[in-house]
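[1] pasted the sequence and its predicted model underneath.
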Amino acid sequence: MSAPKILVLPGSTRSGSHNVRLAALAAKELTLIDADVTRISLADYPLPLFEADLETRGGPPENAVKLKQMIMAHQGVFIASPEYSASVTPLLKNAIDWVSRVRERGDASYAAFKGRVFAISAASPNATGGLRSLMALRQILELGCGALVIPEQVAVQQAETAFDDMDNIIDIRTANLFRAQLARLVEMARVIG
Ligand SMILES: Cc1cc2nc3c(=O)[nH]c(=O)nc-3n(C[C@H](O)[C@H](O)[C@H](O)COP(=O)(O)O)c2cc1C
């Protein structure tokens, strides 16, 4: 059986980002359970702020098409989602909005979000760990884009002190929940094949 292909994507490009760190840990853990992992940064897919007239004039930008194709080349997607104003980052929402508008020949609508499985987790310096960004992201992906998002999710609280020197999550319970989430993602990605 071939290894399921999992895309790992943080919703932050900030230097020192907790969610980039969480995404790196996800990539490491996923590789340990024999997933074929690709980790990307939205910094490599710069996009203008979505605006309907811009889309009407020129269609989706090349980077939106590239990002959509990157997502479609995987059976699973893990997103580490920072919390801004009790929601997702504008960077992540803008990328999702643009990708949702890409329709290549023969595509169903929202093609990038169908036929694969998503897992979402968050890290935040505050006590809720970005939980509200996960609620918002789940709504965007499931209700907005028709994606399948597994119920397992982790919100890493007090992110500044939550990781050790090896970038592992210190709290054992949270670390175990994170591993269980990733194992479930791989299991579901295998089913989707
Ligand atoms: C505009 C803005 C709004 C924010 N709102 C929240 C919030 O509602 N809840 C929260 O936990 N953190 C909030 N934060 C703090 C972020 O969680 C924090 O900056 C975090 O480090 C961002 O993720 P990153 O480290 O992956 O870049 C906010 C930060 C900014 C810049």
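    Everything's here; your move. Numbering: from 1, shown residues only.

[2] most distant residue from the centre of this protein?
    What lies farthest from the middle of the chain is Arg57; by Cα atoms, centre = their mean that is 29.0 Å.

[3] just to be sure, that residue is in a strand?
    No. Going by DSSP: H, G, I helix; E, B strand; the rest coil, the assignment for Arg57 is helix, not a strand.

[4] measure Ala162 to the ligand for me?
    Distance from Ala162 to the ligand, counting by Cβ to the nearest ligand atom, to the nearest Å: 11 Å. Using the backbone N, CA and C atoms, a C-beta is placed for each residue, glycine as well.

[5] quick check, that residue in contact with Asp171.
    Yes. Ala162 is in contact with Asp171 according to Cβ atoms under 8 Å; the separation is 6.8 Å.

[6] returning to what we had before: per-residue confidence at the residue farthest from the centre of the chain?
    Arg57 carries a pLDDT value of 96.

[7] and the one 10 residues further on, by the same measure?
    According to the model's per-residue confidence, Leu67 sits at a pLDDT of 98.

[8] I'd assumed Ala95 was in contact with it.
    Yes. Counting by Cβ under 8 Å, Leu67 touches Ala95, with 6.3 Å between them.

[9] now do the shared contacts for those two.
    Jointly contacting Leu67 and Ala95 under the rule Cβ atoms under 8 Å, 6 or more residues apart in numbering are Tyr45.

[10] which residues in the chain form strands?
    Listed in chain order, the strands of the chain (DSSP state E) span 5-10, 36-39, 76-80, 117-123, 148-149, 155-156.

[11] let me have the ones you listed in CSV, extended by mean pLDDT.
    As requested, those are exported to CSV (pLDDT from 0 to 100):
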stretch, mean pLDDT
strand 5-10, 98
strand 36-39, 98
strand 76-80, 99
strand 117-123, 98
strand 148-149, 98
strand 155-156, 98
